[in-house]
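Engineer: sequence and predicted structure below; questions after.
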Amino acid sequence: MGRAGSVIGVMDRPSILQALRERKTPWDVLVIGGGATGLGTAVDAASRGLETVLVERADFASGTSSRSTKLVHGGVRYLRQGRISLVMEALRERTRLLSNAAELVRSLAFIIPVRSSWEKAFYGVGLKLYEGLAGRNSLGPSEWLSREEVLAELPGLKPSGIQGGVRYWDAQFDDARLALALARTLFERGGNPLNYGGVTQLIQQSGRVAGAQIQDLETGEALEVRARVVVNATGVWCDDVRRLANPEAAPTLLLSQGAHLVLDSEFLPADRAMMVPRTEDGRVLFVIPWQGRCLLGTTDTPIANAIRDPRPLDAEVDYLVREAGRWLRRAVLPADILSFFAGLRPLARPGTGVSTAGASREHRIDVSREGLITVLGGKWTTYRQMAEEVIDAAQGVGGWGKRPSATAELRLSPEPPSSVLSSVPLHPRLPLTASGVDFAARVELARTLEDVLSRRSRCLFLDAKASLEIAPQVGRILRATLKKSERWEREQLDQFTRVVAAHLPFSG
Ligand SMILES: Cc1cc2nc3c(=O)[nH]c(=O)nc-3n(C[C@H](O)[C@H](O)[C@H](O)COP(=O)(O)OP(=O)(O)OC[C@H]3O[C@@H](n4cnc5c(N)ncnc54)[C@H](O)[C@@H]3O)c2cc1C
């Protein structure tokens with residue numbers, strides 16, 4: 001069942017809600033969580049012809065999935081840990097993404113600058129192995145570079161002590177836009193993606209999970225959605241949903257926060273990324289050109305509880321500024337930070353004894369006694385592979401017979417036509433236009449100012465202050481398109497002002 005014929009699916013929230021209300025028989029699959037994992041899983045289910053609903057309690061990708069380092073990568077650091085099959089799986093998925101979402105994913109050269117010949121030999125050999133593992137998935141040869149070549153490739157690099165470097169190839173993407181492309185793909189294939197629909201209870205029948213109570217967070221309306229299979233893809237919140245099925249369920253997650261700074265592109269004025277494989281305290285640092293800015297990250301800070309809009313800690317900002325200072329010519333001052341953001345990694349807790357129906361060392365798929373399927377861990381790069389494994393596991397629970405996944409070569413829904421974005425930008429430093437705002441609300445289920453400025457466009461991530469400057473104008477357009485009240489517009493502005501404070505240092 002597809003909504004064929006549309007070049008780009010026009011997603012309309014009232015119609016999606018109506019489809020949920022009117023349904024008399026159970027859906028095949030209900031996915032809880034609209035990040036990379038949930039959206040990928042729902043697309044996989046729909047690609048097999050299964051009738052699918054996805055509910056997200058906030059906006060699509062508003063959790064971890066819009067806060068990544070935005071790399072589609074095999075994971076060079078996993079090589080050091082000897083996790084070869086994981087790297088190969090990710091490299092295979094990298095190729096698929098480059099072809100299935102060509103508008104959103106691009107290959108990018110990475111340079112590792114080194115300060116000793118020992119390092120040059122070590123990383124050079126490691127990256128030859130990386131390239132060899134990629135085989136026909138390779139994006140280009142890795143090469144040793146002289147000191148002069150490294151300084152020419154990375155004009156922002158501090159020259160002192162640089163002996164040379166290694167260049168290798170990986171890919172980068174726009175995480176929130178890829179999530180939106182997945183939502184549109186789901187919709188175009190007959191699925192129903194609902195944002196601002198939170199699961200408050202699971203429905204159980206004879207001890208089996210048979211659906212969920214959903215609350216429409218815009219109106220407060222309660223809806224009952226029944227399904228043969230319920231998939232819990234709620235990332236760092238997945239233990240909360242597991243406990244709805246079984247209050248005794250043991251915790252399966254460890255949380256770790258990763259912070260990023262966004263700077264002017266002048267800090268690394270090149271279409272090349274820099275990778276530091278081992279910072280002073282043994283982490284990996286990326287400095288990446290991204291949408292006309294320079295993205296710097298990340299950290300790895302254990303966190304006790306998941307919150308909705310995590311904010312980089314002062315210690316994380318200090319660390320990133322200090323590391324940047326070791327490598328970049330220009331020192332990073334607080335005023336240089338255009339925006340910052342943090343994301344929470346849902347890491348599978350080792351040794352919790354959950355039964356794993358599908359296995360990789362990066363992610364886990366757990367089918368509970370009550371038939372709730374939980375998927376946890378993993379990364380953006382491998383979302384499709386994880387999704388395929390989840391729906392393979394769901395087959396046993398849903399009992400619909402063998403239906404192969406059709407996502408390996410499925411082209412995702414195209415990006416908005418350029419005519420939507422070709423008018424004059426609302427701000428000289430930001431790419432958003434008035435028609436882009438209208439399009440986001442009319443076609444892409446944007447419901448709030450933050451949805452438009454943070455995820456339909458990436459304005460908040462590119463320049464938090466500038467995005468606040470255009471917020472009143474964006475609010476007016478949004479109010480007209482969504483037919484909302486003046487009061488709504490005011491509340492949106494207040495709410496967005498608070499969000500901006502979580503994306504700027506020294507503001508809250
Ligand atoms: C700092 C950092 C950098 C990263 N960089 C990369 C990278 O460069 N490349 C890469 O491949 N991977 C990267 N990752 C990993 C990748 O971002 C994650 O694996 C992925 O985004 C996780 O997606 P998810 O769908 O599991 O979780 P989320 O995106 O968090 O989605 C879960 C969703 O569930 C929703 N939800 C929760 N409870 C409910 C409920 N009761 N009802 C309805 N909805 C609910 C939440 O609102 C949320 O939107 C990075 C991760 C971090 C933290």
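Structural biologist: Here it is on my side, so go on.
Engineer: residues in the stretch 151-300 of the chain within reach of the ligand, list them.
Structural biologist: Proximity of the stretch 151-300 of the chain to the ligand (CB under 6 Å from any ligand atom) is limited to residues Gly198, Val199, Ala233, Thr234, Gly235, Val236, Trp237, Val241, Gly258, Thr298. Bear in mind the C-beta positions are built from the backbone N, C-alpha and C, glycine included.
Engineer: count of neighbours near the fourth one?
Structural biologist: When you say that, I think you mean Thr234. Counted with other CB atoms under 10 Å, the neighbours of Thr234 add up to 27.
Engineer: helix or strand: which one has Leu432?
Structural biologist: Remark: Leu432 resides in strand 430-433, with elements defined by DSSP states H and E.
Engineer: flag the shaky bits of this structure, pLDDT-wise.
Structural biologist: In the predicted model of the chain, residues 1-2, 4-8, 351-361, 421, 507-508 satisfy pLDDT under 70.
Engineer: center of it - which residue?
Structural biologist: In the chain, the centroid-proximal residue (CA atoms, centre = their mean) is Ser65; its distance is 2.4 Å.
Engineer: surely that one forms part of a helix?
Structural biologist: Yes: assignment of Ser65 by DSSP: H, G, I helix; E, B strand; the rest coil places it within a helix.
Engineer: ok, it touching Trp380?
Structural biologist: Yes: the criterion here is CB atoms under 8 Å, and Ser65 meets it with Trp380 at 6.8 Å.
Engineer: joint contacts of these two?
Structural biologist: Between them, Ser65 and Trp380 share these contacting residues under CB atoms under 8 Å, 6 or more residues apart in numbering: Ala36, Asp175.
Engineer: Leu460 falls within a helix, correct?
Structural biologist: Yes: note on Leu460: a helix contains this position according to three-state DSSP.
Engineer: now for the residues of the stretch 151-300 of the chain next to the ligand: which two are most distant?
Structural biologist: Val199 and Thr298 (29.7 Å; CB to CB).
Engineer: picking that back up, which members of the residues of the stretch 151-300 of the chain next to the ligand occur in helices, if any?
Structural biologist: Counting by DSSP state H, the part of those found in helices is Val241.
Engineer: buried ones from the residues of the stretch 151-300 of the chain next to the ligand, can you make that a PyMOL selection?
Structural biologist: Here the buried members of those are turned into a PyMOL selection, burial being counted by 16 or more other CB atoms under 10 Å:
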select buried, resi 198+199+233+234+235+236+237+241+258+298
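Engineer: what bridges to Asp366?
Structural biologist: Thr356, Thr374 (DSSP bridges).
Engineer: what about it, how many residues nearby?
Structural biologist: As a measure of burial, Asp366 has 22 neighbours, counting by other CB under 10 Å.
Engineer: I'd say it and Gly377 touch.
Structural biologist: No: with contact defined as CB under 8 Å, Asp366 does not reach Gly377; the gap is 10.5 Å.
Engineer: joint contacts of these two?
Structural biologist: Among the neighbours of Asp366, none is also in contact with Gly377 (CB under 8 Å, 6+ apart).
Engineer: closest residue of the stretch 251-400 of the chain to the ligand?
Structural biologist: The shortest separation between the stretch 251-400 of the chain and the ligand is 2.3 Å, found at Gly258 (distances taken as CB to the nearest ligand atom).
Engineer: just checking, that residue touches Leu295?
Structural biologist: No: in this structure Gly258 lies outside contact range of Leu295 using CB under 8 Å: 12.0 Å.
Engineer: which residues do these two both contact?
Structural biologist: Shared contacts of Gly258 and Leu295, defined by CB under 8 Å, 6+ apart, are found at Thr69.
Engineer: circling back to that earlier point, quick one: buried residues of the strand holding Leu432?
Structural biologist: Going by neighbour count (16+ other CB under 10 Å), the buried part of strand 430-433 is Leu430, Leu432, Thr433.
Engineer: same thing with stretch 42-52?
Structural biologist: Counting neighbours by 16+ other CB under 10 Å, the buried set in stretch 42-52 is Ala42, Val43, Asp44, Ala45, Ala46, Ser47, Arg48, Leu50, Glu51, Thr52.
Engineer: out of those residues, the closest to the ligand would be?
Structural biologist: Out of these, the one with the shortest distance to the ligand is Ala42. That distance is 10.9 Å, counting by CB to the nearest ligand atom.
Engineer: what's the helix or strand for the closest one?
Structural biologist: When elements are defined using DSSP H and E, Ala42 is found to belong to helix 36-47.
Engineer: check whether that helix contacts the ligand.
Structural biologist: Yes: residues of helix 36-47 are located near the ligand by CB under 6 Å from any ligand atom, namely Ala36, Thr37, Gly38.
Engineer: those residues, buried ones only, as a ChimeraX selection?
Structural biologist: Only the buried members of those enter the following ChimeraX selection, criterion being 16+ other CB under 10 Å:
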select :36,37,38
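Engineer: residues in contact with stretch 21-28?
Structural biologist: 45, 50-53, 210-211, 223, 225-229, 398, 400.
Engineer: quick check: Ala471 vs Leu139, distance?
Structural biologist: As defined by CB to CB, to the nearest Å, Ala471 lies at a distance of 39 Å from Leu139.
Engineer: compare the two (neighbour count), which wins?
Structural biologist: Using other CB under 10 Å, the more surrounded residue of Ala471 and Leu139 is Ala471, with 24 against 18.
Engineer: which residues are in contact with that one?
Structural biologist: Contacts for Ala471 were tallied using CB under 8 Å, 6+ apart; they are Leu449, Leu453, Leu493, Phe496, Thr497.
Engineer: how close does the first one get to Pro472?
Structural biologist: Meaning Leu449. Relative to Pro472, Leu449 is positioned 9 Å away (criterion: CB to CB).
Engineer: give me the more crowded residue out of the two.
Structural biologist: In this comparison of Leu449 against Pro472, neighbours counted by other CB under 10 Å, the higher total goes to Leu449 at 27 against 13.
Engineer: what about that one, distance to Glu489?
Structural biologist: Note on Leu449: its distance to Glu489, by CB to CB, is 9 Å.
Engineer: how many neighbours does Arg283 have?
Structural biologist: Arg283 sits with 17 neighbouring residues when counted by other CB under 10 Å.
Engineer: next: Leu295.
Structural biologist: The local packing count at Leu295 equals 26, with neighbours defined by other CB under 10 Å.
Engineer: SS state for it?
Structural biologist: Under three-state DSSP, the three-state class of Leu295 is strand.
Engineer: likewise Arg184?
Structural biologist: When the structure is reduced to helix, strand and coil (three-state DSSP), Arg184 reads as helix.
Engineer: what residues are up against it?
Structural biologist: So, once contact is read as CB under 8 Å, 6+ apart, Arg184 ends up touching Ile8, Gly9, Met11, Leu412, Ser413, Glu444.
Engineer: any chance of those residues in TSV with secondary structure and neighbour count as columns?
Structural biologist: Rendered in TSV, the data for the contacts of Arg184 read as follows (DSSP: H, G, I helix; E, B strand; the rest coil; neighbours: other CB atoms under 10 Å):
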residue	secondary structure	neighbour count
Ile8	coil	18
Gly9	coil	21
Met11	strand	23
Leu412	coil	23
Ser413	coil	22
Glu444	strand	24
